[in-house]
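> Fold the following and give me the result.
(one chain, ligands or ions: 1)
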Amino acid sequence: MKFLPIFLNIKEQPCLVVGGGQVAARKIFMLIRAGGNVTVISPALSSEVAKLADKGEITHVKAAFKAGDVGDYRVVIAATNVREVNQAVYEEASAKNIPVNVVDTPDLCTFITPSVIDRDPVQIAISTGGSSPVLARLLRSKLETFIPAAYGRLGQLVESYRDRVKEIFNHNSNHIRGFWEHILDGSIADMLIAGKDKAAQEALDQAVNEAKVPDNIGEVYLVGAGPGDPDLLTFRALRLMQRADVVVYDRLVSAEILEMVRRDAEFVYVGKARDKHAVKQENINELLVRFAKEGKKVLRLKGGDPFIFGRGGEEIETLMEQGVSFQVVPGITAAAGCAAYAGIPLTHRDYVQSCMFVTGHLKDGSVNLNWSALAHKGQTIVFYMGLHGVKEICKQLVAHGLDSSTPAALVEKGTTPQQQVHIGDLSTLPDIVDNTEILPPTLIIVGDVVKLHNKLAWFEPSGAKPLAYPVSN
Ligand code: SAH
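Take a look at the predicted model:
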């Protein structure tokens, strides 16, 4: 993030604009709309700004900017076409720690103004961090088209009930939010959008009068978050992610995906690095039960699919025993995601009839698998958690009858901007792993279909760095 997004209260606060042309006019209107007391310093004014001065909506100082003019304004904007003047304004304001913006000159700004969708009191501000105002405007026009103007009226309508609803629910934020979600997502909002303001007002009045503390207990959403690319989430996953009071997640769930969880949910990391269970499975199960019994909507977010090497079964068994209601949302498992993004179809009529998903996790230094069932030509084998056992895996497959030239791929951080596909065969893959810096998670795919990668690879990862932390956290 290049800038911290905030909304500034400038109601009745002194604001300074240096310059009185058309560019300045846009900023002056914006400050007036937010309730600022605007002073404009400029030897001349455009006709638009002159009208504001005539009506007394701004104070006009008919002079050029000079040292000392910055005074103790709360916000300063320079919009002259003389760089030296803009620079002088910037230097004086920033020396006094007054937020200053020089229009279209990012290096002379301590704040920038976003592109705004105004549905007062609802405001959506878009910024590209100064890199492309045109892109921000384009995005704005897209959003404008599907955010009905009625949202402003909806905001005004609910504002007058806020305090009463807080009282009714004894300031319990989960209950308050549940009530408003129900209202804002339902027929009352539809009525307003359809222009039936009076009916909406009556319906809301009735809903508030009938509101009472719910006696329902919470619920657990066991949700598969897919292999990494946030675009691979299901609609249901996204919907539940935005409804959660608390999210319990582990290492496989990327910051990009956590970004999409409801912002003020509580985030609980129960990360599991290999062989290091930060929180033991029994404790995770208990945690889910405890949160749900507190009446919370608990999002248990897991990489890939919760029922494929995800211990999802164990978690819901405990919920079942404890009478906690839950739902399970499948996700795209790593095998499907990595195969697709690496251009390696897991089945193909010319090569294979079956595909196996197995765990390559080493127990006591050996991979405890039915090797003779795996080592078949005409079968694709996908190893989850196989990185550390790769040598043993390749050795055993050859020992049980596969040709050492059987193609094998290791997909690193599949479906993410950092994806890498390492191609070899059963004899070379262990060396490739030894000689390359490889970051988890990785998936190993063994079988003739791996040959198709050369022809079918289509995904070009950007190489962009992953987000370190979700904004919401
Ligand atoms: N439930 C998950 C699997 C959990 S086991 C699923 O359905 O995908 C964890 C293993 O999944 C990792 O060790 C790795 O083998 C694999 N994995 C998960 N995400 C991956 C990714 N983006 N790229 C490569 N392998 C991945």
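
> Where does the residue in the stretch 51-200 of the chain that the ligand sits nearest to sit: helix, strand or coil?
Across the stretch 51-200 of the chain, the shortest distance to the ligand (Cβ to the nearest ligand atom) belongs to residue 129, at 28.1 Å. No exception for glycine: its C-beta is placed from N, CA and C like everyone else's. Using DSSP: H, G, I helix; E, B strand; the rest coil, the structure places residue 129 in coil.

> Let me see the contact set for it.
Shown in contact with residue 129 (Cβ atoms under 8 Å, 6 or more residues apart in numbering): 1, 2, 3, 112.

> Dig out what the residue of the chain found nearest the ligand forms beta bridges with.
Among the residues of the chain, residue 304 lies closest to the ligand, at 1.9 Å counting by Cβ to the nearest ligand atom. Applying DSSP bridges to residue 304 yields these beta-bridge partners: residue 226.

> measure it to residue 122 for me?
37 Å (Cβ to Cβ, to the nearest Å).

> same question, residue 8
17 Å.

> of the contacts of residue 129, buried ones?
The neighbour count (16 or more other Cβ atoms under 10 Å) marks residue 112 as buried among those.

> Present the contacts of residue 129 as TSV; the columns should include pLDDT, secondary structure and distance to residue 60.
Compiled in TSV, these are given as follows (pLDDT from 0 to 100; DSSP: H, G, I helix; E, B strand; the rest coil; distance: Cβ to Cβ, whole Å):
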residue	pLDDT	secondary structure	distance to residue 60
1	79	coil	37
2	83	coil	34
3	88	coil	31
112	91	coil	26
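
> just checking: which of the contacts of residue 129 also lie near the ligand?
Checked against the ligand using Cβ under 6 Å from any ligand atom, the contacts of residue 129 give no members in range.

> Quickly list the domain ranges of this structure.
Listed by automatic domain parsing, the domain ranges of the chain are 14-113, 150-210, 219-332, 336-456.

> Mind checking the pLDDT average for the shortest one?
Okay, so that is domain 150-210. Mean pLDDT, domain 150-210: 87.

> And residue 304 and residue 122? Which one has more around it.
Neighbours were counted for residue 304 and for residue 122 using other Cβ atoms under 10 Å; residue 304 has more, 29 against 14.

> correct me, but the more buried one touches residue 334?
Yes. Look at residue 304 against residue 334 with Cβ atoms under 8 Å: they come within range, at 4.8 Å.

> Quick one: low-confidence residue ranges for this protein.
Applying pLDDT under 70 to the chain flags the ranges 215-217, 272-278, 362-367, 469-473.

> residue nearest the centroid of it?
In the chain, the centroid-proximal residue (Cα atoms, centre = their mean) is residue 259; its distance is 2.5 Å.

> isn't it right next to residue 467, touching?
Yes. Between residue 259 and residue 467 there is a contact under Cβ under 8 Å: 7.1 Å.

> the strands in the stretch 151-300 of the chain, which residues?
For the stretch 151-300 of the chain, the strands defined by DSSP state E, counting those that start in this stretch occupy 219-224, 246-249, 266-269, 272-273, 276-277, 297-302.

> Those strands into JSON lines, with extra columns for mean neighbour count?
What follows is these, written out as JSON lines (neighbours: other Cβ atoms under 10 Å):
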{"stretch": "strand 219-224", "mean neighbour count": "25"}
{"stretch": "strand 246-249", "mean neighbour count": "24"}
{"stretch": "strand 266-269", "mean neighbour count": "16"}
{"stretch": "strand 272-273", "mean neighbour count": "14"}
{"stretch": "strand 276-277", "mean neighbour count": "11"}
{"stretch": "strand 297-302", "mean neighbour count": "27"}
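
> export the ones you listed to CSV and tack on distance to the ligand?
CSV is the format used below for these (distance: least, Cβ to the nearest ligand atom, whole Å):
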stretch, distance to the ligand
strand 219-224, 7
strand 246-249, 13
strand 266-269, 16
strand 272-273, 9
strand 276-277, 13
strand 297-302, 6
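
> Next, format those as JSON lines and append distance to residue 45.
Shown next, in JSON lines, are the strands of the stretch 151-300 of the chain (distance: least, Cβ to Cβ, whole Å):
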{"stretch": "strand 219-224", "distance to residue 45": "57"}
{"stretch": "strand 246-249", "distance to residue 45": "53"}
{"stretch": "strand 266-269", "distance to residue 45": "51"}
{"stretch": "strand 272-273", "distance to residue 45": "64"}
{"stretch": "strand 276-277", "distance to residue 45": "67"}
{"stretch": "strand 297-302", "distance to residue 45": "55"}
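
> Quick one: closest of those strands to residue 461.
Nearest of these to residue 461, taken as Cβ to Cβ: strand 219-224 at 22.0 Å.

> Name every strand pairing with the closest one and say which way it goes.
Applying DSSP bridges, strand 219-224 is found paired with strand 297-302 (parallel), strand 325-329 (parallel).

> Name the surrounding residues that touch that strand.
Applying Cβ under 8 Å, 6+ apart, the external contacts of strand 219-224 come out as 234, 236-237, 240-241, 243-244, 288, 291-292, 297-306, 310, 312, 315-316, 319, 324-333.

> repeat for stretch 54-65
Around stretch 54-65, the neighbours that count as contacts under Cβ under 8 Å, 6+ apart are 18, 20, 28, 32, 37-43, 45, 49, 52-53, 69, 80, 85, 88-89.

> Would you enumerate the residues in contact with residue 462?
Here residue 462 is in contact with residue 417 (criterion: Cβ under 8 Å, 6+ apart).

> picking up where we left off before, Serialize the domains of the chain to TSV and add fields for distance to residue 138.
What follows is the domains of the chain, written out as TSV (distance: least, Cβ to Cβ, whole Å):
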stretch	distance to residue 138
domain 14-113	17
domain 150-210	21
domain 219-332	20
domain 336-456	23
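
> wait, what's in contact with residue 143?
Residues near residue 143 by Cβ under 8 Å, 6+ apart: 117, 124, 126.

> what sits against the closest residue to the second one other than its chain neighbours?
If the residues on either side of it in the chain are set aside, residue 124 comes closest to residue 117, at 4.1 Å by Cβ to Cβ, 6 or more residues apart in numbering. Each residue near residue 117 by Cβ under 8 Å, 6+ apart is listed here: 123, 124, 125, 126, 140, 143, 144, 147.

> and the fifth one, how many neighbours does it have?
Using other Cβ under 10 Å, residue 140 has 17 neighbouring residues.

> and if you look at the third one?
A total of 15 residues lie near residue 125 under the criterion other Cβ under 10 Å.

> Could you look up the SS state of it?
Three-state call for residue 125 (three-state DSSP): strand.

> Quick check: beta-bridge partners of it?
The partner residues for residue 125, given DSSP bridges, come to residue 116.

> contact partners of the helix or strand where residue 392 lies?
Using DSSP states H and E, residue 392 sits within helix 390-399. The contact list for helix 390-399, computed with Cβ under 8 Å, 6+ apart, reads 360, 362, 366-367, 369, 371, 374-375, 381, 383, 386, 404, 406, 408, 410, 426-427, 429-430, 433, 444, 446.
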